[in-house]
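Student: predicted model, plus sequence, below.
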Amino acid sequence: MENTEETFAGQVLGFTIPSRDARGRLVRLDSVLDEILAAHSYPPAITHLLAEALVVAALIGGLLDKESGQVTMQAQTEGGVVRLLVCDYRDGDLRGYVDFDAERLAELGANPPLSALFGKGYLAITFDMADGNGRYQGVVPLEGESLSDACEAYFTQSEQVPTLIRVAVRSGTAGTTAAGMLVQHMPDGEEGRERLHARLDHPEWEHIAVMAGSIRHDELLDPALSLEGIVWRLFHEESEVRVNPGAQVNRGCRCSEDHYRQILARFPEDERESMRGDDGKIHVDCAFCSRVFPIAV
């Protein structure tokens, strides 16, 4: 691999290290992240939480090979400060939303830990595969210091794939920037083969985990350091590293009047009548983009 000046900003960058049976994804979000966050006036703690979740969703979604497959992450509690966090990624389209108790959040201070936000929560990750190839879901407790920790646990427990995830978030007057890296060990080398003996102490994985784990937050966020440059910096001593540019990441709320009209048309007329307002229209609120659609149906 040669070190180039291509930044891959706002794009998922994939890479593989064949001799170590490892693969990874990198992403850095700036303007698209601000677009998503601008739909709501989130306080700093929720901004940081959602930014991390969006990066993780893009990293996991970037693992899908086929277009139109979708990954959805949902974190939820009963009675927690954060009632619901949901993000999804489909072929580069990314969206996310957080529902939370503002008064209880204010009582937690400036930098509440994950346990304070979610209590005894859980994280569900759902894969809807393209071309009707199925849907599967894994659920893990929301434990650890971050959502990234919970996602690492998902891959280890539900898929038996040793995984390392690092995410960095920075907010300032110019907006919010977030970036992350996901690295996995594939014991049999090729994706799709049976993985009965995945081991966290496998020597090849231990080596890759040490190298990848050395990444610093400031490196992930540094606009002068390209994503390809990060791969080069971490793994330039390997015999071969293959870099594969993935999808461009866009704000991907899929709401529209036509979409909601088609959904509402499936309801019986008596149910639609109960939904109508004084103006005779059904007002549909999209939580992701904070828009209200008056639908005549």
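Tutor: On my side now, so go ahead.
Student: OK, contacts around Ala106?
Tutor: Applying Cβ atoms under 8 Å, 6 or more residues apart in numbering, we find Ala106 in contact with Pro43. C-beta here means a position set from N, CA and C on the backbone, and glycine is covered the same way.
Student: what helix or strand is the one residue sitting closest to the centre of the chain on?
Tutor: The chain has Ala57 as the residue nearest its centroid, 1.3 Å off, counting by Cα atoms, centre = their mean. Ala57 is located in helix 44-61, with elements delineated by DSSP states H and E.
Student: re earlier: so the residue nearest to the centre of the chain sits against Asp88, correct?
Tutor: Yes - Ala57 is in contact with Asp88 according to Cβ atoms under 8 Å; the separation is 6.6 Å.
Student: overlap in contacts, these two.
Tutor: Contacts common to Ala57 and Asp88, judged by Cβ under 8 Å, 6+ apart, are Val71, Met73, Leu94, Gly96.
Student: closest to His207 out of those residues?
Tutor: Val71 (28.0 Å; Cβ to Cβ).
Student: burial measure for that closest one, as a count.
Tutor: 22 (other Cβ atoms under 10 Å).
Student: begin at 37 from here
Tutor: Sure, I'll start numbering at 37, so the last one becomes Val107.
Student: about what we covered before: among the shared contacts of Ala93 and Asp124, which one has the most neighbours?
Tutor: Leu130 (27 neighbours).
Student: list the buried residues of the helix or strand containing that residue.
Tutor: Assigned by DSSP H and E, Leu130 belongs to strand 129-136. For strand 129-136, the neighbour count (16 or more other Cβ atoms under 10 Å) marks Asp129, Leu130, Arg131, Gly132, Tyr133, Val134, Phe136 as buried.
Student: please put the alpha-carbon coordinates of it into PDB.
Tutor: As requested, the backbone C-alpha atoms of strand 129-136 are provided in PDB (Å, rounded to 0.1, in the frame of the first residue of the first chain):
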ATOM      1  CA  ASP A 129     -27.500   6.800   3.800                       C
ATOM      2  CA  LEU A 130     -27.200   7.500   7.500                       C
ATOM      3  CA  ARG A 131     -29.700   8.800  10.000                       C
ATOM      4  CA  GLY A 132     -30.200   8.900  13.800                       C
ATOM      5  CA  TYR A 133     -32.400  10.200  16.600                       C
ATOM      6  CA  VAL A 134     -32.300  10.300  20.400                       C
ATOM      7  CA  ASP A 135     -35.400  10.600  22.700                       C
ATOM      8  CA  PHE A 136     -34.400  11.600  26.300                       C
END
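Student: show me what secondary structure element comes after it.
Tutor: helix 138-142.
Student: got the CA positions of whichever helix or strand comes after that following helix in CSV?
Tutor: Next along the chain after helix 138-142, taking DSSP H and E as the criterion, comes helix 150-154. Taking Å, rounded to 0.1, in the frame of the first residue of the first chain, the C-alpha atoms of helix 150-154 are listed here in CSV:
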residue,chain,number,x,y,z
LEU,A,150,-23.1,5.5,29.7
SER,A,151,-24.5,3.8,32.8
ALA,A,152,-26.1,7.0,34.0
LEU,A,153,-27.7,7.7,30.6
PHE,A,154,-29.1,4.2,30.1
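Student: thank you, goodbye.
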